[in-house]
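Dropping the sequence and predicted coords here.
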Amino acid sequence: MKKLVEDYPRTLAELEARFSREQDCRDYLFRLRWPEGFRCSRCRETKAWPLRTGRWQCASCGHQISVTAGTIFQDTRTPLTVWFRAMWWVTSQKNGVSALGLQRVLGLGSYQTAWAWLHKLRRAMVRPGRDRLSGRVEVDETYLGGLEKGARGRQTESKALIVVAAQEDGKGIGRIRMRRIPNASARSLVPFVEESVEPGSVVHTDGWLGYVPLESKGYIPKITFLRGNKKSPSELLPRVHRVVSLLKRWLLGTHQGAVSFEHLDYYLDEFTFRFNRRNSRNRGKLFFRLVQQAVAVEPITYRSIVGTAQASDSRNHNLLGPPE
């Protein structure tokens, strides 16, 4: 198998010089989409020739395909050069960008366009088949928005409940995973752990009964009971609570808390993408990863992203409320 060379621009000036033409962008997408060479999606033939339309035609069956077909760039009317600048801006900013900020930087015609672009890119921030966490992993749930008045235990109606897994790295934090869940039952918690953590790993949780089935699933439980403990939850499960604190700060700082329930999972994906690559020496590598994954993600329409909610609603709905 041919190893994919991690080839990416290091600076904005290099990006602008290297991807100033549409064909430059298409050539880059071609290499990332078919790192081992072209392969027809219909007959699996490896030989093809380029057409003046920008498509490639299979030498065997004659099937024509665009390098953007079946990716998040499919059917876009905006030049790829603008998409590349958008991906650079999204990955080069340490804390990300808001839709309004992206609209201003790129000079996009509407807020809705920038909003939709960011949601498409967030869908490309989760790599299919990514490695699960391993070793020693803290797992806990938390609310976004604070506890409901009158709510008991892990009940919630209008606030978001998320579960977070944080891999131990000495005294620090390794990689993370997170997801919004409907409730804190074993039916919600166990599948998350199974998808996020390798069996055989030590899973450190509090004494909540929703985690009890994990031992039968091949995990090594480490339970720290919070009730009656002199230490605070943030001391007993420090990595998870640190991640949650950073997440809330990011949502309030970059997005002013304007995140809807319908789209929260994708913001969690973006935060995870950034956190797990926070020590990357060059922001260009994040650009490379995002483009690489963008050609592996199926296209989605604006209507599908919005669903029953309007983009403007997502802009104005404050999940966390205004900062104090």
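Thanks, I have it.

Which residue comes closest to V82 once chain neighbours are left out?
Using CB to CB, 6 or more residues apart in numbering and skipping the chain neighbours, the partner closest in space to V82 is L106 (6.2 Å). Yep, even glycine has a C-beta here, placed from its N, CA and C like the rest.

Help me confirm that that neighbour comes into contact with R85.
Yes: if you go by CB atoms under 8 Å, L106 and R85 touch, sitting 6.2 Å apart.

From start to finish, how long is stretch 175-186 in a straight line?
Start and end residues of stretch 175-186 are separated by 23 Å (CA to CA, to the nearest Å).

For it, what is the distance to the chain centroid?
For stretch 175-186, the separation from the chain centroid amounts to 15 Å (computed by CA atoms, centre = their mean, to the nearest Å).

All the strands of the stretch 101-250 of the chain, residue numbers only.
Using DSSP state E, counting those that start in this stretch, the strands of the stretch 101-250 of the chain run over residues 136-144, 160-169, 172-181, 202-205, 220-223.

To T91, which of the ones you listed lies closest?
strand 172-181 (17.7 Å; CB to CB).

what lines up beside that closest one in the sheet?
Paired strands of strand 172-181, with direction, are strand 160-169 (antiparallel) (DSSP bridges).

tell me the angle the partner strand makes with strand 136-144.
When axes from the mean of the first three to the mean of the last three CA atoms, to 10 degrees is applied, the directions of strand 160-169 and strand 136-144 differ by 160 degrees.

Enumerate the positions of strand 160-169 that are buried.
If you call a residue buried by 16 or more other CB atoms under 10 Å, then strand 160-169 has these buried ones: 160-168.

cool, stretch 173-192 as well?
Here stretch 173-192 shows 173-179, 181, 184, 186, 188-190, 192 as buried, counting by 16+ other CB under 10 Å.

before we move on, what about stretch 100-117?
Going by 16+ other CB under 10 Å, stretch 100-117 has these buried residues: 101-103, 106, 108, 111-117.

could those go into a markdown table alongside pLDDT and distance to E45?
Putting the buried residues of stretch 100-117 into a markdown table (pLDDT from 0 to 100; distance: CB to CB, whole Å) gives the following:
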| residue | pLDDT | distance to E45 |
| --- | --- | --- |
| G101 | 91 | 44 |
| L102 | 93 | 39 |
| Q103 | 94 | 42 |
| L106 | 93 | 38 |
| L108 | 89 | 39 |
| Y111 | 90 | 44 |
| Q112 | 90 | 40 |
| T113 | 90 | 37 |
| A114 | 92 | 39 |
| W115 | 90 | 40 |
| A116 | 90 | 35 |
| W117 | 93 | 34 |
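
and which of these is nearest P299?
Among the buried residues of stretch 100-117, and counting by CB to CB, the member closest to P299 is A116, at 12.0 Å.

The closest one is in contact with Y302, isn't it?
Yes: contact criterion CB under 8 Å: A116 and Y302 qualify, at 4.8 Å.

All set now, cheers.
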